[in-house]
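Asks: What follows is a protein structure lacking sequence information:
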């Protein structure tokens, strides 16, 4: 057998494959001390150990078999996998809304790279339709791949390009826009587009997936169907995030772009509206409003685009014993804005005060948010808060720290006048600041408590 038959395998694992005359992409039956397993041998990452052989089993999951447990292994068949899904042109129907799907990358547009074992951006938007043909039952979709990056590589440059591309489509008469995006910074981009694109007449829906398309538990297809229905049929003409509502596949939520945050590293229901309730529930054939107040869809093509961003802005997450050189270093490096995520109602320790005063004296815009996420900055309550306001630190009400960071970058991208920046920062665009949080805008259930467990059983047996 040639080296092509043993992609990525080394040392003892490679010797085991050769011993039993089995190949990568071969379907095998492995008799081990832990039982009998059948599956397809997958390539290994070049950086992985040489103690395991990886099988993709019938359920779609991958398992690792320690070579020390193998008693015998037989190849039952061979078929090299092709993970590339061919692109398909959307079938057009006059009675369906026209949607533009912009691809930016991320897990929703990814497959596994078995050379490195990582998930890589590889699906074009056209390939997504090849994988999810049900989309054609919802709307007419045209696609354009703007970027092919994971969301940690999205930034101001991409925000501006995306905003301009969306506005072009709006003026050309599109009925709705979907943006396929990685989930890690999905909420940052949603906030940026909320500020950069205003008064739009149609829905702008950002969507991602927590699990890649080759996994049986992937949420990619259903999230795309939900986002397509929201973009094509919803009356909500706002920038929204569409992701799983509950952990199961019952429905999705539409979250307002300035009040949403990723709250779990791996749950499919990771996105939550913070300090408020979601705009709506969405399935593949209906939108059920939760909030009665929203900006409605219009027939005109009017839209305001403000694609500005100052990159010299930072978030500082306060922690006990933080030293002033953290603030000083940002000022010395030319940063024009600092968002502080303070403790409690917006607090930091006194050793930071001189550094904060130096920052504001040098014309740096400093705003306070709360790391509790829920709730408001209240700097009048305690002496520390009043002292910081005297130093020039400005309370940012109940803006989420990430949203405040995006908004400050956007504001400083428009003007050097700090009074004007303050006016922009404290004037709500779309509920990034609210007058109050609803009574049910803060709900965190603690597992293990009898009444909570009883409540959960009503929905998940």
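Replies: Good, I have the coordinates. Since the structure is predicted, the reported quantities are computational estimates derived from the model, not experimental observations. Residues are numbered from 1 along each chain as shown.

Asks: Residue 287 reaches residue 281, doesn't it?
Replies: Yes: Residue 287 is within contact range of residue 281, at 7.4 Å (criterion: Cβ atoms under 8 Å). C-beta coordinates here come from the backbone N, C-alpha and C atoms, glycine included.

Asks: which one of these two has more residues nearby?
Replies: residue 287 (21 against 17; other Cβ atoms under 10 Å).

Asks: Contacts only, for that one.
Replies: If a contact means Cβ atoms under 8 Å, 6 or more residues apart in numbering, then residue 287 has 229-230, 233-236, 254, 280-281 as its contacts.

Asks: quick one, domains of this protein?
Replies: 3-78, 98-305, 313-425 (automatic domain parsing).

Asks: Identify whichever of the ones you listed lies nearest to residue 448.
Replies: Among these, the nearest to residue 448 by Cβ to Cβ is domain 98-305 (17.4 Å).

Asks: and the end-to-end length of that closest one?
Replies: Across domain 98-305, the terminal residues are separated by 22 Å (Cα to Cα, to the nearest Å).

Asks: who's the residue nearest to residue 22 when sequence neighbours are not counted bridged to?
Replies: The shortest distance from residue 22 to any non-neighbouring residue, by Cβ to Cβ, 6 or more residues apart in numbering, is to residue 75 (4.6 Å). Per DSSP bridges, the residues bridged to residue 75 are residue 28.

Asks: what comes up buried for stretch 421-431?
Replies: Across stretch 421-431, burial judged by 16 or more other Cβ atoms under 10 Å covers 421, 424-425, 429-431.

Asks: looking at the domains of the chain, which is buried most?
Replies: Neighbour counts (mean count of other Cβ atoms under 10 Å) averaged over each of the domains of the chain peak at domain 98-305, with a mean of 21.

Asks: Surely residue 184 is in a strand?
Replies: No: assessed with DSSP: H, G, I helix; E, B strand; the rest coil, residue 184 is coil; it does not lie in a strand.

Asks: Give me the pLDDT for the spatially closest residue to it that is not a sequence neighbour.
Replies: For residue 184, ignoring the flanking residues on the chain, the nearest one in space by Cβ to Cβ, 6+ apart is residue 151 at 4.6 Å. Residue 151 carries a pLDDT value of 87.

Asks: Identify the residues contacting residue 151.
Replies: By Cβ under 8 Å, 6+ apart, the contact set of residue 151 is 104-106, 181-186, 189, 208.

Asks: Let me have these in CSV, adding pLDDT and distance to residue 376 as columns.
Replies: As requested, the contacts of residue 151 are exported to CSV (pLDDT from 0 to 100; distance: Cβ to Cβ, whole Å):
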residue, pLDDT, distance to residue 376
104, 86, 33
105, 73, 35
106, 67, 32
181, 89, 29
182, 86, 30
183, 89, 27
184, 92, 27
185, 95, 25
186, 95, 25
189, 98, 25
208, 88, 29
